[in-house]
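>>> have a look; sequence and predicted model below, questions after that.
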Amino acid sequence: MRKNNSAAENYGNRRRRSPSLKAILAILILIAAVTACSGCSVRRSGVIRVAGSTTVLPLAQEGANRFMDMGGGKNVLVQGGGSSVGISQLSAGIIDIANSSRELKPEEDNGRIVDNRIALDVIVLVVNRGVQVANLSSQQVKDIFTGAVTNWSQVEGQDAPVIAVVRDQASGTREMFDEIALDKEESASSAIECNSNGIVRETVGNTPNAIGYVSLGYVNATIKAIDYDGVAPEEQNAKDNTYPLSRYLHMFTSDTPRPVTREFIEFVLSPDFQNEVVTQEYIPVI
Amino acid sequence: MARERYIKLLLMACASLSFLAILLIFIFILRESMPALTKVGFGNLFTSTDWNPDKGSFGILAFLNGTILTTLGGLIIGAPLGVGTAIFLDQVAPKKMATVIRRGIELLAGIPSVVIGWFGLIILVPFIARITNSSGYGIAAASVVLAVMVLPTITALSVETLRSLPIELKEASLAMGATRWQSIRTVLLPAAREGILVAVILGMGRAIGETMAVQMVIGNSRQFTLSLFKPTATLTSRLVTDMGEAPPGVFRSSLFAMALVLLIFAMLLIFSVRMITRKRKA
């Protein structure tokens, strides 16, 4: 056969004469030694330590980045862990700020924790523009997302299959939706999963007979927002507690925070940060 | 002479670095997937179709099923197309036409997967939705997208294989009075069998690892399904859906277990390519 120069053939090419093993080993050890310490971090005294809810994490991280960019050698270390972990670490004095996607529970309140509301998260039920329904009761919503209702005609809509679109399992939006709208039940396994608000909107907008949920900031003309138990998904209704699919995001601090911690909270609550960053996904609190 | 040695050392460092990178990736993935393998158990992980991390269920069978079905689907559509195109380009098409088509297919190989996925999302999914009265997301849509992606690989490698065949083979066959089609079917294709097999396997590697395009059209639900038109997920699409916010622990570890499965798939494919090419040389 003629010489074959296909990629597959080249794959088999190997140099027979190998360089000395010792030299390779030496290089490997050197590289390993250099990379091994990349995980080490030195704890600096001026650092603000933030931990807790993964829902708040992106917001806190963005805040930390902007805060540190302002200069002055400030350092903010943001970690996840979940709301409960954050709050218990705050009580133990391990961290300065506990991110939380829920209110403080009575047993967690030792009287020395200060609540800073940093954003209002409102979830809106949205449907494809071809769907005839304009309002769903909480029971209907639950039945749709848990798979008990599979046809729109069962909830006074057209005769067509319901296509449910939900967020990914780790999403804070989904966590809240499952807790409030589904009474902590799981959404049906046949539901389409999307890992961002934007993709849910895109999917619901392009898929006939689809229903999903997004944060209020994502509602636009490509989809149709519907009422929940007859209440319109509006900012005012969320603020006066008539629209139930909403919650505040919090940053808990001690009642005697260090000046630098207070400065960071003030920055997060500043008009600049609220109107530039918070508003992208949530409703500003100022 | 000293310079020569430095260059040699430098090249050796480059080679060692890439080898070290592969080794570290493998060790890292293995280490990260250990908690899932030990706590969830090998059996549960691979035989359960229930994926529900919040409730402590970590069965990845539904996604394994999705990966296997979409890959097979992609190959069932893509392999005959690719091999057929290769035969046409090498044996049938006039030279100028062959050049144009080859360039086109090479261009196809260079299109980022996200573009193909987007195309699938906007054109293919609504089309499937219309003709099947489903959501349109699912294995069928993913298979078509994958077929487009494996086509350039399979075509290019098959063309190379056909080209490398000695011209005497074809000449002898034609001299015996065989028609062009008979020569292709009974002489050239059997002679090129291993090379085409390698082409298909490398295409398979591309299909198994493809993430973005598949994630966009498969629907990412966690149900196990054999239906072509119901949303489900593949290992890669589930990985990319969940990895962003998966908390440390068994959840994250089970994602790494999926990565481990993919890595093992890739190794098996490469191993089989080696076996086939070695056999041919012997």
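Good, I have the coordinates.

>>> and the next helix or strand past the helix or strand residue A:237 falls within?
Here residue A:237, judged by DSSP states H and E, is contained in helix A:235-239. Under the assignment DSSP H and E, the closest C-terminal helix or strand after helix A:235-239 is strand A:246-254.

>>> residue contacts, residue A:176?
Going by C-beta atoms under 8 Å, 6 or more residues apart in numbering or on different chains, residue A:176 touches A:55, A:101, A:121, A:123, A:245, A:247. (Each C-beta comes from the backbone N, C-alpha and C, glycine too.)

>>> related to what we said a few turns ago, by contact count, what packs against the helix holding residue A:237?
Secondary structure elements in contact with helix A:235-239, counted by 3 or more C-beta pairs under 8 Å, 6 or more residues apart in numbering or on different chains; DSSP states H and E, are strand A:113-127.

>>> need the contact list for the spatially most central residue of chain A.
Nearest to the geometric centre of chain A sits residue A:55, at 3.9 Å (C-alpha atoms, centre = their mean). Residue A:55 is in contact with A:99, A:101, A:121, A:171-173, A:175-176, A:249, counting by C-beta under 8 Å, 6+ apart.

>>> neighbours of residue A:110, how many?
One way to gauge burial is a neighbour count; for residue A:110, by other C-beta atoms under 10 Å in any protein chain shown, it gives 11.

>>> how many other residues sit next to residue 170?
I'll assume chain A. As a burial measure, residue A:170 scores 22 neighbours (other C-beta under 10 Å).

>>> try again with chain B
The local packing count at residue B:170 equals 19, with neighbours defined by other C-beta under 10 Å.

>>> quick one: which of the contacts of residue A:55 is nearest to residue A:234?
residue A:121 (14.2 Å; C-beta to C-beta).

>>> for the closest one, name its beta-bridge partners.
Judged by DSSP bridges, the bridge partners of residue A:121 are residue A:247.

>>> run a quick check on it versus residue A:247, I expect a contact.
Yes - counting by C-beta atoms under 8 Å, residue A:121 does reach residue A:247; the two are 5.4 Å apart.

>>> what residues are shared contacts of the two?
With C-beta under 8 Å, 6+ apart, residue A:121 and residue A:247 have common neighbours A:101, A:176.

>>> strands of chain B, start to end?
In order along the chain, chain B carries the following strands (DSSP state E): B:51-52, B:57-58.

>>> what's the closest of those to residue B:140?
When the strands of chain B are compared by C-beta to C-beta, strand B:51-52 sits nearest residue B:140, at 21.7 Å.

>>> who wins on neighbours among the contacts of residue A:176?
Note: the member of those with the most neighbours is residue A:55, at 27 neighbours, neighbours being other C-beta under 10 Å.

>>> tell me how many other residues surround residue 193.
Let's take chain A. Applying other C-beta under 10 Å, we find 28 other residues in the vicinity of residue A:193.

>>> chain B is the one I meant
13.

>>> same deal with the one 4 residues further on?
Per other C-beta under 10 Å, the neighbour tally for residue B:197 reads 18.

>>> which non-adjacent residue is nearest it?
Spatial nearest neighbour of residue B:197, excluding adjacent residues (C-beta to C-beta, 6 or more residues apart in numbering or on different chains): residue B:276 at 5.8 Å.

>>> got phi/psi on residue A:76?
With angles defined as degrees, to the nearest 10, residue A:76 shows backbone torsions of phi -120, psi 130.

>>> returning to that earlier point: which ones among the contacts of residue A:55 lie within helices?
Using DSSP state H, A:172-173, A:175-176 are the members of the contacts of residue A:55 that sit in helices.

>>> list buried residues within these.
A:172-173, A:175-176 (16 or more other C-beta atoms under 10 Å in any protein chain shown).

>>> quick one on the thing from earlier: quick check: the residue nearest to residue B:197 touching residue B:198?
Yes - with contact defined as C-beta under 8 Å, residue B:276 counts as touching residue B:198 (5.6 Å).

>>> if we can go back for a sec, can you list the contacts of residue A:55 in TSV and add pLDDT and distance to residue A:145?
Formatted as TSV, the entries for the contacts of residue A:55 read as follows, by pLDDT from 0 to 100; distance: C-beta to C-beta, whole Å:
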residue	pLDDT	distance to residue A:145
A:99	93	27
A:101	85	20
A:121	90	18
A:171	76	14
A:172	75	17
A:173	83	13
A:175	83	14
A:176	87	13
A:249	93	23
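
>>> what's the closest of those residues to chain B?
Top of the list for closeness to chain B, among the contacts of residue A:55 and by C-beta to the nearest C-beta, is residue A:171 at 6.6 Å.

>>> that closest one: neighbouring residues, count only.
A count of neighbours around residue A:171, defined by other C-beta under 10 Å, yields 24.

>>> which residues does residue B:49 contact?
Contacts for residue B:49 (C-beta under 8 Å, 6+ apart) come out as B:59, B:61-62, B:65, B:223-224.

>>> confidence score at whichever residue of the stretch 51-200 of chain A sits closest to chain B?
Across the stretch 51-200 of chain A, the shortest distance to chain B (C-beta to the nearest C-beta) belongs to residue A:170, at 3.5 Å. Turning to residue A:170, the model gives it a pLDDT of 70.

>>> any idea how far residue B:275 is from it?
With distances defined as C-beta to C-beta, to the nearest Å, the gap from residue A:170 to residue B:275 amounts to 40 Å.

>>> and if you look at residue B:155?
23 Å.

>>> neighbour count: the two, which is higher?
Per other C-beta under 10 Å, whichever of residue B:155 and residue B:275 has more neighbours is residue B:155, with 28 against 10.

>>> from memory the more buried one sits against residue B:105, does it?
Yes - with the criterion set as C-beta under 8 Å, residue B:155 and residue B:105 qualify as a contacting pair; they are 5.3 Å apart.

>>> buried residues of stretch A:225-245, list them for me.
A:225-228, A:233, A:237-238, A:243, A:245.

>>> now for those, which pair is the farthest apart?
Within these, A:226 and A:238 form the most distant pair, 15.4 Å apart (C-beta to C-beta).

>>> if we can go back for a sec, for the residue of the stretch 51-200 of chain A closest to chain B, give its distance to residue A:183.
Residue A:170 sits 20 Å away from residue A:183, going by C-beta to C-beta.

>>> cool, thanks, talk later.
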